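S.K.: After the sequence you'll find the predicted model.
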Amino acid sequence: MIELNSISKKFLKSKKEIIALNNINFKFELGKFYAIMGNSGSGKSTLLNIVGLLDKPTSGILCINDTDTSMFNEKQNNMIRLNEIGYVFQECYLCENLNVFENIMLPLMINKKLSEKEKIKIVNDLLNMINLYNRINHFPKELSGGEKQRVAIARSLVNNPRIILADEPTGNLDKNNEEMIFSLFKKLANIGKCVIVVSHSEFIKKYADKILYLDNGIIRGD
Ligand code: ADP
Ligand code: MG
């Protein structure tokens, strides 16, 4: 599904070279929940950004669906990002002036292929999945941190992407909410998605199918 071949990423800062990723080889598969752990500065976000086509490697090849992405132009990148990848961040980036239903609906507004009825069904199904149907009219400021993150996860899923990427999605949450989010990711892997989550939380080990440890830009395996 996602194949990293000798991926390296170097940053040049004040004439000094920083090796954020050092010759990474790995294959992510559909139907699996991967946890990426490691010290701060070990390259976790850099790896996720490259997999999510938000950044380019300095060298190496990233294949998605058996297709080499290195020659993609911005339009092709956008197509993959829109259709194949759902992003979840530590800050949920919900629109404060839209309610839960509208926030989840937002990415569908530009979708011309689906009817209004189909869009509403997608949002309702996602609300049921995240178990927040009873908060449908709430605005973000009227939600707990965990509820907000569940809305952000639902929103990342509206285009039915096969890849879910999350960078420290539970950084602001307590243990109970953390476990709820991880079990939701597990559920997504169980329905066939490729879920990749960067986290510092020990609780993720209970839910992830595979744990990757990054150490100075190198994968140490589990
Ligand atoms: P993590 O997410 O594991 O904390 P990052 O992937 O954000 O680590 O960063 C890995 C290394 O690359 C760090 O040493 C960081 O300082 C450096 N780095 C990240 N982004 C940049 C950038 N845009 N310019 C220069 N150095 C960067
Ligand atoms: Mg990071």
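M.R.: Received the coordinates, thanks. Ligands and ions are numbered 1, 2, ... in the order given.

S.K.: where are the low-confidence patches of this protein?
M.R.: Across the chain, the ranges flagged by pLDDT under 70 are 222.

S.K.: who touches the residue nearest the centre of it in this structure?
M.R.: With distances taken as C-alpha atoms, centre = their mean, residue 165 lies nearest the centre of the chain, 1.6 Å away. Contact analysis of residue 165 by C-beta atoms under 8 Å, 6 or more residues apart in numbering lists 48, 51, 52, 85, 86, 87, 88, 196, 197. Any C-beta I mention is one placed from the backbone N, CA and C, and that applies to glycine too.

S.K.: Tabulate these (JSON lines), appending secondary structure and neighbour count.
M.R.: Formatted as JSON lines, the contacts of residue 165 follow (DSSP: H, G, I helix; E, B strand; the rest coil; neighbours: other C-beta atoms under 10 Å):
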{"residue": "48", "secondary structure": "helix", "neighbour count": "20"}
{"residue": "51", "secondary structure": "helix", "neighbour count": "23"}
{"residue": "52", "secondary structure": "coil", "neighbour count": "21"}
{"residue": "85", "secondary structure": "strand", "neighbour count": "21"}
{"residue": "86", "secondary structure": "strand", "neighbour count": "25"}
{"residue": "87", "secondary structure": "strand", "neighbour count": "20"}
{"residue": "88", "secondary structure": "strand", "neighbour count": "24"}
{"residue": "196", "secondary structure": "strand", "neighbour count": "26"}
{"residue": "197", "secondary structure": "strand", "neighbour count": "26"}
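
S.K.: Mind telling me what element the residue nearest to the centre of the chain is part of?
M.R.: Per DSSP states H and E, residue 165 falls inside strand 163-167.

S.K.: if you look at that strand, does any of it touch ligand 1?
M.R.: No. Strand 163-167 stays clear of ligand 1 (C-beta under 6 Å from any ligand atom), getting no nearer than 7.3 Å.

S.K.: For residue 219, grab phi and psi.
M.R.: phi -80, psi 130 (degrees, to the nearest 10).

S.K.: surely it meets residue 212?
M.R.: Yes. With contact defined as C-beta atoms under 8 Å, residue 219 reaches residue 212; the gap is 5.4 Å.

S.K.: Quick one: the helices in this protein, in order.
M.R.: With helices called from DSSP state H, the chain shows them at 44-51, 74-84, 100-105, 116-129, 145-156, 175-190.

S.K.: out of the ones you listed, which comes closest to ligand 1?
M.R.: Closest to ligand 1 of the helices of the chain is helix 44-51 (C-beta to the nearest ligand atom; 3.2 Å).
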